[in-house]
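A.B. asks: quick one, what's the 3D model for this:
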Amino acid sequence: IGGMVRTAPFVAALFLVTALSLAGIPPLSGFISKFALVQAGIEGGHLAVIAVSLVVSLLTVFSMMRIWMGAFWSPPEDLATAKPLRWSSGASRALMIAPTALLVACSLAIAVAAGPLYSLSERTARDLLDRDAYIGEVLGP
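C.D. replies: All right, here's what the predicted structure looks like:
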């Protein structure tokens, strides 16, 4: 595939947003989790966790941009057999755009609700680490 930015520009923009979120670019949802991981690494003195998470973020940005450039901006590899993307109907366009738009909407919703979700995650982690409270709830006093 290649050159899809001309035939499906909205899909190209949606893919870019999801790729940047996956890589942890602010203010998207992936950044919130990367930030929490780095913050926990700093608090715990785990420099290896911080280094690995930042290197993985850089590698993810690199790979996502290569995919995006290849799929949307580069010319098709075989120009002789390349066919432009033709939308046979509005339904086929919707089938391509709707799942990607839903993913972007979920990613943006997670970023907007990051505070409450982070608090819920912290409470859940604390509860999971406190075995006695769990045993007391299940077996009774």
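A.B. asks: the closest residue to Leu20 other than its chain neighbours and Met65, how far apart?
C.D. replies: The spatial neighbour of Leu20 that comes closest, neighbours along the chain excluded (Cβ to Cβ, 6 or more residues apart in numbering), is Leu28 at 5.8 Å. For every residue, glycine as well, the C-beta is placed using N, CA and C. Note on Leu28: its distance to Met65, by Cβ to Cβ, to the nearest Å, is 15 Å.
A.B. asks: between those two, which is the more surrounded one?
C.D. replies: Using other Cβ atoms under 10 Å as the criterion, Leu28 and Met65 rank with Leu28 on top: 20 against 14.
A.B. asks: need the phi and psi values for the more buried one.
C.D. replies: Leu28 adopts backbone torsions of phi -80, psi 170, taken as degrees, to the nearest 10.
A.B. asks: list the contacts for it?
C.D. replies: Val17, Leu20, Ser21, Ser107, Leu108, Ala111 (Cβ atoms under 8 Å, 6 or more residues apart in numbering).
A.B. asks: same question for Asp130.
C.D. replies: If you count contacts by Cβ under 8 Å, 6+ apart, Asp130 has none.
A.B. asks: with the one 4 residues further on instead?
C.D. replies: Residues in contact with Tyr134 (Cβ under 8 Å, 6+ apart) are Asp127, Leu128.
A.B. asks: show me what contacts the nearest residue to Leu14 once chain neighbours are set aside?
C.D. replies: Spatial nearest neighbour of Leu14, chain neighbours left out: Thr100 (4.2 Å); criterion: Cβ to Cβ, 6+ apart. Contact partners of Thr100, counting by Cβ under 8 Å, 6+ apart, are Val11, Leu14, Phe15, Thr18.
A.B. asks: now do Thr100, the pLDDT please.
C.D. replies: Thr100 carries a pLDDT value of 86.
A.B. asks: how about the strand or helix carrying it: buried residues?
C.D. replies: Using DSSP states H and E, Thr100 sits in helix 90-112. Buried residues in helix 90-112, defined by neighbour count with 16 or more other Cβ atoms under 10 Å: Met96, Thr100, Val104, Ser107, Ile110, Ala111.
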